[in-house]
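J.: Whatever this is, show me its structure:
(4 chains)
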Number of protein chains: 2
Amino acid sequence: MKGIADVARLAGVSKSTASRALTGTGYVSDETRLRVATAARSVGYVPSASAVSLASGRTSTVGVIMPGVTGWFFAEVLEGIQESLLEAGLDLALYDARVGTRGRDRIFDDFLARQRFDGLIAVGIDPEDRELERIYALNRPVVSIASGGFPDDIAIDDVDVARRATEHLIGLGHHHILFLGGGDGGRWSHVERHRFEGYQATMDAAGARAEHAQCGESLPAGYAAAADLLSDLRTRPTGIVAVSDEVAIGAIIAARRLGIGVPHDLSVIGVDDHEYAEMFSLTTLAQDPRAQGALAVEVLLERLADPDAPVPVVAPQARLIVRNSTAAPAG
Amino acid sequence: MKGIADVARLAGVSKSTASRALTGTGYVSDETRLRVATAARSVGYVPSASAVSLASGRTSTVGVIMPGVTGWFFAEVLEGIQESLLEAGLDLALYDARVGTRGRDRIFDDFLARQRFDGLIAVGIDPEDRELERIYALNRPVVSIASGGFPDDIAIDDVDVARRATEHLIGLGHHHILFLGGGDGGRWSHVERHRFEGYQATMDAAGARAEHAQCGESLPAGYAAAADLLSDLRTRPTGIVAVSDEVAIGAIIAARRLGIGVPHDLSVIGVDDHEYAEMFSLTTLAQDPRAQGALAVEVLLERLADPDAPVPVVAPQARLIVRNSTAAPAG
DNA sequence: CTGAAAGCGCTTACAG
DNA sequence: CTGAAAGCGCTTACAG
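T.: Here you go, the predicted structure:
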């Protein structure tokens, strides 16, 4: 392990000058800078991360907290974040705070307090009050994606998205439209809640009756819930607004199993533009979670550079992609 | 920010004693230990991670390097690792080294060298020679899961797993069995290669002709490849050994679309026991990636505690789960 | 069992 | 533009 002292000696300068040359901070003559850089390269100098952190107060790492990495949205966001971070030369500390786990409590009680990061990106964590307090107590820049409780949240307008999805079905002539998603185990995430509200308001405005079937946030959950509600011919809707593409695709698979044609007998619309959306011809409101992750990094870096300058967040837009899972109702 | 000096002062001891009491290292009287602990709690003492690292040489973080977090296997492994790490009080530094990205090169060239971790877990990275060298140059404990190139890899026996899958179909009376997976874009991962070998050897032994269709490692890829190869009646196999459940499920969906009954007209067997396996009644060889992640952490911690004691790795076992995607061939 | 002192490897005012 | 010195906040021999 060669240290900065070795570099300095080799370049014939002091450690201070070597440090300034290497970090690009403070005045150094071009000639000296070059000599130091050459020396650093020739000894294979890699600064000690802990020494840099201790002396400078900066960790060069960003913390990411999310409730699991298993869902499509979270995995995509995480990759988007990671990609931008690698580009910026920053490390990523992952905190997987799945709801209801002991690990989540430990993260909020112990891990965050260690402050092994300069800033934090919170994704879809729907924090409880005490969790939010823990985060603010860090007194570090925080950027949130699709999370309740934070200002300037990076997220598509979930109310509007559900409104557009519902209007799409109404525009096709549907009246009996059901909202599938949310309320699983009595819990609603912020995202689920907002999407349901958008659906409900649109149905109200159209003079149609809102109807809800609860459902977990996964493809098998959508499958199970849809299999259930579609099996009764009398109560079967002609259209489903699904809280997400995973749920929508589960519903499509269930419908096919029951011999219910999509879109002939049943229209299904989702939100996301999931990796599988195309192969299921799913009409959906596309969002780009990877880009949201990249945006979060960008905003965080600006806040890190200047904590006082308010960085305005441009809200990501959802885009309607009409495929072949929606059509006018039969008859 | 209260430091250890504050704790020491409050407890009426020296910093050295406070440190020993807090870290549990070296002799301290029980009474002193208690007083220090109380003092630490009362001031809300949290040790500075960088100071601890610099002084002790330990980072209390584990690096995890994997080619993306998007696949089922990787996401599950990652959650298994994270859970165990949280339990052990260790941080997780994630390095997402997707094949062919600039990020991957930066990880191997720059990020790893910073050594911001005490040990590394490599998951499914199929390292090139120079990448492997970079890792060994770190001179830190490394544990690998489902990766080529490392000794003591934690993985199910992929050759054997494919053998068992193939024998399952042969035992049901199938002769025309195709292997779906691997070779996408000319690339074979170690896992794909091994599974194909197990399939091939079993077919050879049974005097049947091995047949391969290349396919990427995802559900839509399995769907597309299967849609292709199943559409020609004359060449259609009666059984498919899929490289993974995602590919197998894609194939099942494709078969259904084409009106090919599973398992009546086509048997499909996978490997994994994916989250969706049950809803597709998929016969598969189950593995538990979450447990593999936990095992990797366990092994790594032992190696960290005593780098010389060779820690034997108990290979995870795959378990055949017969569901309803496989049956005797029709006719 | 405890404390004084050195040291981990950098960065950062400060003086020149 | 450069260097000497202090300091970041701990841990760890070492002496007692």
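
J.: Near A:Ala37, how many other residues are there?
T.: 16 (other Cβ atoms under 10 Å in any protein chain shown). Placement of C-beta: from N, CA and C, glycine included.

J.: Now it. Nearest residue, chain neighbours left out?
T.: Computed as Cβ to Cβ, 6 or more residues apart in numbering or on different chains, the closest residue to A:Ala37 that is not its neighbour in sequence is A:Ala21, at 6.8 Å.

J.: Listing request: residues of chain A with sub-threshold pLDDT.
T.: The model of chain A has no residue with pLDDT under 70.

J.: DNA strand C contacts on that one?
T.: A:1, A:3-5, A:15-16, A:19-20, A:22-23, A:25-26, A:45, A:47-48, A:51-52, A:54-57 (Cβ under 7 Å from any atom of the strand).

J.: which parts of stretch A:205-225 are buried?
T.: The neighbour-count check on stretch A:205-225 (16 or more other Cβ atoms under 10 Å in any protein chain shown) flags A:206, A:208, A:210-211, A:213-225 as buried.

J.: Please read the previous query as pertaining to stretch A:82-89.
T.: A:Gln82, A:Glu83, A:Ser84, A:Leu85, A:Leu86.

J.: Which single one of these is nearest to A:Val36?
T.: Proximity of these to A:Val36 was ranked by Cβ to Cβ; the top entry is A:Leu86 with 25.6 Å.

J.: just checking, that closest one touches B:Asp105?
T.: No: look at A:Leu86 against B:Asp105 with Cβ atoms under 8 Å: they stay out of range, at 9.6 Å.

J.: Could I get the full set of helices for chain A?
T.: For chain A, the helices defined by DSSP state H occupy A:4-11, A:15-23, A:30-43, A:49-56, A:72-88, A:102-106, A:129-137, A:158-171, A:190-205, A:219-230, A:245-257, A:289-305.

J.: out of those, deepest packed?
T.: helix A:245-257 (a mean of 26; mean count of other Cβ atoms under 10 Å in any protein chain shown).

J.: Would you pull up how far it lies from the middle of the chain?
T.: 23 Å (Cα atoms, centre = their mean, to the nearest Å).

J.: tell me the angle of that helix relative to helix A:219-230?
T.: Helix A:245-257 and helix A:219-230 are oriented at 50 degrees to each other (axes from the mean of the first three to the mean of the last three Cα atoms, to 10 degrees).

J.: got the angle between helix A:245-257 and helix A:190-205?
T.: Per the same axes, to 10 degrees, the angle that helix A:245-257 makes with helix A:190-205 is 60 degrees.

J.: who does helix A:245-257 touch, helix- and strand-wise?
T.: Helix A:245-257 sits against strand A:177-183, helix A:219-230, strand A:239-242, strand A:267-272, with contacts defined as 3 or more Cβ pairs under 8 Å, 6 or more residues apart in numbering or on different chains; DSSP states H and E.

J.: Now render the ones you listed as a markdown table, adding distance to A:Thr202.
T.: A markdown table is the format used below for these (distance: least, Cβ to Cβ, whole Å):
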| stretch | distance to A:Thr202 |
| --- | --- |
| strand A:177-183 | 9 |
| helix A:219-230 | 20 |
| strand A:239-242 | 9 |
| strand A:267-272 | 12 |
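
J.: and the gap between A:Ala251 and A:Gly124?
T.: The gap separating A:Ala251 from A:Gly124 is 22 Å, by Cβ to Cβ, to the nearest Å.

J.: oh, I was asking about A:Gly270
T.: A:Gly270 is 17 Å from A:Gly124, by Cβ to Cβ.

J.: who has more neighbours, the two?
T.: A:Gly270 (33 against 23).

J.: and that one, how far is that from chain B?
T.: 16 Å (Cβ to the nearest Cβ, to the nearest Å).

J.: Quick one: residues contacting that residue.
T.: Taking Cβ atoms under 8 Å, 6 or more residues apart in numbering or on different chains, we find A:Gly270 in contact with A:165, A:242, A:244-249, A:277, A:282-285.

J.: circling back to that earlier point, possible to save the helices of chain A as TSV with distance to A:Ile177?
T.: TSV is the format used below for those (distance: least, Cβ to Cβ, whole Å):
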stretch	distance to A:Ile177
helix A:4-11	66
helix A:15-23	59
helix A:30-43	65
helix A:49-56	54
helix A:72-88	24
helix A:102-106	36
helix A:129-137	35
helix A:158-171	5
helix A:190-205	7
helix A:219-230	13
helix A:245-257	13
helix A:289-305	26
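
J.: and those helices as CSV, adding distance to DNA strand D?
T.: Below are the helices of chain A laid out as CSV (distance: least, Cβ to the nearest atom of the strand, whole Å):
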stretch, distance to DNA strand D
helix A:4-11, 8
helix A:15-23, 3
helix A:30-43, 4
helix A:49-56, 4
helix A:72-88, 24
helix A:102-106, 19
helix A:129-137, 17
helix A:158-171, 42
helix A:190-205, 36
helix A:219-230, 46
helix A:245-257, 45
helix A:289-305, 19
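
J.: Which positions within stretch A:146-156 qualify as buried?
T.: Buried residues in stretch A:146-156, defined by neighbour count with 16+ other Cβ under 10 Å: A:Ala146, A:Ser147, A:Gly148, A:Gly149, A:Phe150, A:Asp153, A:Ile154, A:Ala155, A:Ile156.

J.: didn't the fourth one look like it was pressed against A:Leu132?
T.: Yes: A:Gly149 sits in contact with A:Leu132 when judged by Cβ under 8 Å, with a separation of 5.1 Å.

J.: quick one: A:Met279 and B:Ser218 touch, right?
T.: No: between A:Met279 and B:Ser218 there is no contact under Cβ under 8 Å: 10.3 Å.

J.: any residues in contact with both of those two?
T.: Common neighbours of A:Met279 and B:Ser218 (criterion: Cβ under 8 Å, 6+ apart): B:Gly250.

J.: just to revisit the earlier point, keep only the buried residues of stretch A:82-89 that also lie close to chain B.
T.: Checking the buried residues of stretch A:82-89 against chain B by Cβ under 8 Å from any Cβ of the partner chain, the ones in range are A:Gln82, A:Glu83, A:Leu86.

J.: Tell me, how many residues neighbour the residue of the stretch 201-331 of chain A at minimum distance from DNA strand D?
T.: DNA strand D sits closest to A:Pro307 of the stretch 201-331 of chain A, with a gap of 18.4 Å, by Cβ to the nearest atom of the strand. Neighbour count for A:Pro307, taken as other Cβ under 10 Å: 13.

J.: Can you report phi and psi for the residue nearest to it when sequence neighbours are not counted?
T.: Using Cβ to Cβ, 6+ apart and skipping residues adjacent in sequence, the residue nearest A:Pro307 is A:Pro141, 6.3 Å away. Dihedral angles of A:Pro141 (phi, psi; degrees, to the nearest 10) stand at phi -60, psi 140.

J.: Contacts only, for A:Pro141.
T.: A:Asp118, A:Gly119, A:Leu120, A:Leu300, A:Arg303, A:Leu304, A:Pro307.

J.: any idea how far the residue nearest to the second one when sequence neighbours are not counted lies from A:Ser56?
T.: When you say that, I think you mean A:Gly119. Leaving aside its sequence neighbours, A:Gly119 sits nearest to A:Pro141 (Cβ to Cβ, 6+ apart; 4.1 Å). Going from A:Pro141 to A:Ser56 by Cβ to Cβ gives 17 Å.

J.: Perfect, I'm done here.
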